[in-house]
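In: requesting a structural model of the entry that follows:
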Amino acid sequence: MPLILFVLLTTAYFNAKGQAELLPIDHNLQLNLGKRIYFDTAHKVHTSMQHYFVDEIASDGISIDSLFTAGYPDAKPWMRKNWLFRKIFTQHLVEAGNEDYSFYLDFMPDMQIGKQGDNNLWLNTRGIELGGRVGNKFAFTSHFYEDQGRFADYYTRYANEHKVIPGQGRARPYNNGGFDYGYSGGSISYTPVKYVNFQLGYDKNFIGDGYRSLLLSDNAFNYPFFKVTGTLGQVRYMVMYAQLIDFSDFPLENDNALPKKNAIFHYLSWNATKRLSLGLFENITWIPRGFEFSYFNPVMFLRPTEFANGSPDKALIGLNASYKIADRYVAYGQLMVNEFRAKEVFAGNGYWANKFGGQIGIKGFDIFKVNNLNAQLEINSVRPYAYSARNHLMNYGHYQQPLAHPFGANFSEYLAIVNYRFKRFDARLQVLTATYGLDVDGVNYGKDIYKNYTTRPADYGVYIGNGLKTDLLYLNTKIAYMLNPKNNLRIELGYTNRREKNAQMNDKEQVISIGLRASFRNLYTDF
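Out: Purely as a prediction, here's the structure:
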């Protein structure tokens, strides 16, 4: 059935109108548009597949800029007073277009100063972003950021250990404890007919309805991919080929190309009813060893193919589900399975190869019937060794970071997010608690997905929290004033309180910051 569907969608010709423009992956934007995405789109959006198509959310035909500005008050006369004020408050730096095309270009700053105890923290980001469309079938985006910064202690430790800035580029030392790094990406989206879309990009993707994803998230750095999406009725099917990078034991001081690995992703989404949506996910990751023609079949269920190849590669499957409650709440969940034995699962003896994880959550829009008050509660839990492999080049990671949850494996997490917008003011509160097991005395207890799972200390008695049991409390609050919704330019005041505690340490960190920020992207600091 998936093969027949794929062939029909990619060879048939339809005269119906389609659109290729994509909505950025940004949690705050999606919370602000949540009611429209889940409840006001005539059951068209496959909410677990991001990026979203703009024309499915803007069902009344409005532009992508109108989605960005939705809910914000109209600009005051003084904001339109002259060219400079218009560029700051109401327009892109460069914009042009009509019914047949559109183009924009923006300068995207992220300038912050902060304090952690006696340490001065700062961030100096200069970015350029451009994008547009030609007709309704072709759209493009491109962005580049040059960054220098000095960060909180826990963030700095991560960058030094993993050799990257979380979610961004390689970390190079800069100016007495700081880092210099870059971030670039972009994509081309082409919809030749209504039911088929092709994307070629160097970007991120996200599968799920939650804040986190246990299947595929935007946690890691950008990667090159080619994606084909086909839609027929309430069914959408995606196949994506990607090239990933692993340099965990690679000497970065030389100029050789970084080690590569390949991955294929399948996802089948079905809006079963007006309230219930279901999704089936599959991934195979492998080390290049010549052209693996068998993996370039766009059909799901490649596990038998992988087994026929001698099971040399990494396989991951998963389920996603969401259910709309009333007219403003959505319950959702995921199940990720890397490997398991039913007999061992029911035995309850902590068999190491029962490698799976789960997510359950609920989010609401205009809760308590208060306009622009949105909230989200979520629980995530993943068993040890779930995303690791016998060779780190085959693990479920890219650029030294997990492709799914930023904690890797061997953790349980509880988080709550509340966001409230009043006119141009935006307030956000996030509280997160987690328990996980860290490695101790050089023993691999399964949290670090880049460690070989054959180095585990035992086959049984493997449970979440094994190792150096550690508790994390993370609280972050932000208050922002939106200057220009079109490029998310805002003045932002933030406060973070982080405590990580175990038998060997009790690390307490508090950070306060203020800055001028722009861009639509998720950069995670809650780990």
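In: OK, contacts around the residue nearest the centre of the chain?
Out: Centroid check for the chain by CA atoms, centre = their mean gives residue 218 as the closest residue, at 2.2 Å. Counting by CB atoms under 8 Å, 6 or more residues apart in numbering, residue 218 makes contact with 25, 167, 204-206, 521-522. Using the backbone N, CA and C atoms, a C-beta is placed for each residue, glycine as well.
In: so residue 363 is in which element?
Out: Element membership for residue 363, per DSSP states H and E: strand 355-364.
In: quick one: list the elements packing against that strand.
Out: Judged by 3 or more CB pairs under 8 Å, 6 or more residues apart in numbering; DSSP states H and E, strand 355-364 is in contact with strand 329-339, strand 373-382.
In: Throw those into CSV and include mean neighbour count, thanks.
Out: Formatted as CSV, the entries for these read as follows, by neighbours: other CB atoms under 10 Å:
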stretch, mean neighbour count
strand 329-339, 21
strand 373-382, 20
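In: tell me where the model's unsure across the stretch 101-250 of the chain.
Out: 250 (pLDDT under 70).
In: how about residue 115: what's its closest non-neighbour residue?
Out: Across the structure, with CB to CB, 6 or more residues apart in numbering as the measure, the residue nearest residue 115 apart from its sequence neighbours is residue 512 (5.5 Å).
In: same question, residue 443
Out: The nearest residue in space to residue 443 (CB to CB, 6+ apart) is residue 457, at 5.2 Å.
In: picking that back up, closest to residue 40 out of the helices and strands packed on strand 355-364?
Out: Closest approach to residue 40 among these is made by strand 329-339 (13.1 Å; CB to CB).
In: can you tell me what sits against the closest one?
Out: Taking CB under 8 Å, 6+ apart as the rule, strand 329-339 contacts 34, 38, 47, 208-210, 213-215, 315-325, 353-365, 367, 382, 386-387, 396, 404.
In: how about 6 Å then?
Out: Under the contact criterion CB atoms under 6 Å, 6 or more residues apart in numbering, strand 329-339 has outside partners 38, 208-210, 214, 316-324, 353, 355-364, 386.
In: also stretch 91-99?
Out: The set of residues external to stretch 91-99 that reach it, using CB under 6 Å, 6+ apart, is 87, 103-107, 486.
In: okay if I get those residues as JSON lines plus neighbour count and distance to residue 329?
Out: Formatted as JSON lines, those follow (neighbours: other CB atoms under 10 Å; distance: CB to CB, whole Å):
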{"residue": "87", "neighbour count": "18", "distance to residue 329": "39"}
{"residue": "103", "neighbour count": "15", "distance to residue 329": "39"}
{"residue": "104", "neighbour count": "20", "distance to residue 329": "35"}
{"residue": "105", "neighbour count": "16", "distance to residue 329": "39"}
{"residue": "106", "neighbour count": "24", "distance to residue 329": "35"}
{"residue": "107", "neighbour count": "15", "distance to residue 329": "39"}
{"residue": "486", "neighbour count": "21", "distance to residue 329": "30"}
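In: now these in a markdown table, with secondary structure?
Out: Conversion of these to a markdown table gives the following (DSSP: H, G, I helix; E, B strand; the rest coil):
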| residue | secondary structure |
| --- | --- |
| 87 | helix |
| 103 | strand |
| 104 | strand |
| 105 | strand |
| 106 | strand |
| 107 | strand |
| 486 | coil |
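In: mind putting the residues you listed into CSV with distance to residue 72?
Out: Conversion of these to CSV gives the following (distance: CB to CB, whole Å):
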residue, distance to residue 72
87, 17
103, 23
104, 18
105, 22
106, 17
107, 20
486, 10
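In: list phi and psi for the residue nearest to residue 443.
Out: For residue 457, the backbone dihedrals are phi -80, psi -20 (criterion: degrees, to the nearest 10).
In: may I see the ChimeraX selection of the buried members of the contacts of strand 329-339?
Out: In ChimeraX, the members of those classed as buried (16 or more other CB atoms under 10 Å) are selected with the following command:
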select :38,208,209,210,214,316,317,318,320,321,322,323,324,355,356,357,358,359,360,361,362,363,364,386
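In: and stretch 62-76, how far out from the chain middle?
Out: Distance of stretch 62-76 from the chain centroid (CA atoms, centre = their mean, to the nearest Å) equals 24 Å.
In: residues contacting that stretch, please?
Out: Identification of contacts with stretch 62-76 by CB under 6 Å, 6+ apart yields 21, 54, 58, 89-90, 423, 485-486.
In: and that stretch, which residues are buried?
Out: Along stretch 62-76, the positions that meet the burial threshold by neighbour count (16+ other CB under 10 Å) are 64-65, 67-69, 72, 75.
In: ok, now stretch 483-495?
Out: Neighbour-count burial for stretch 483-495, with 16+ other CB under 10 Å as criterion, is recorded at 483-490, 492, 494.
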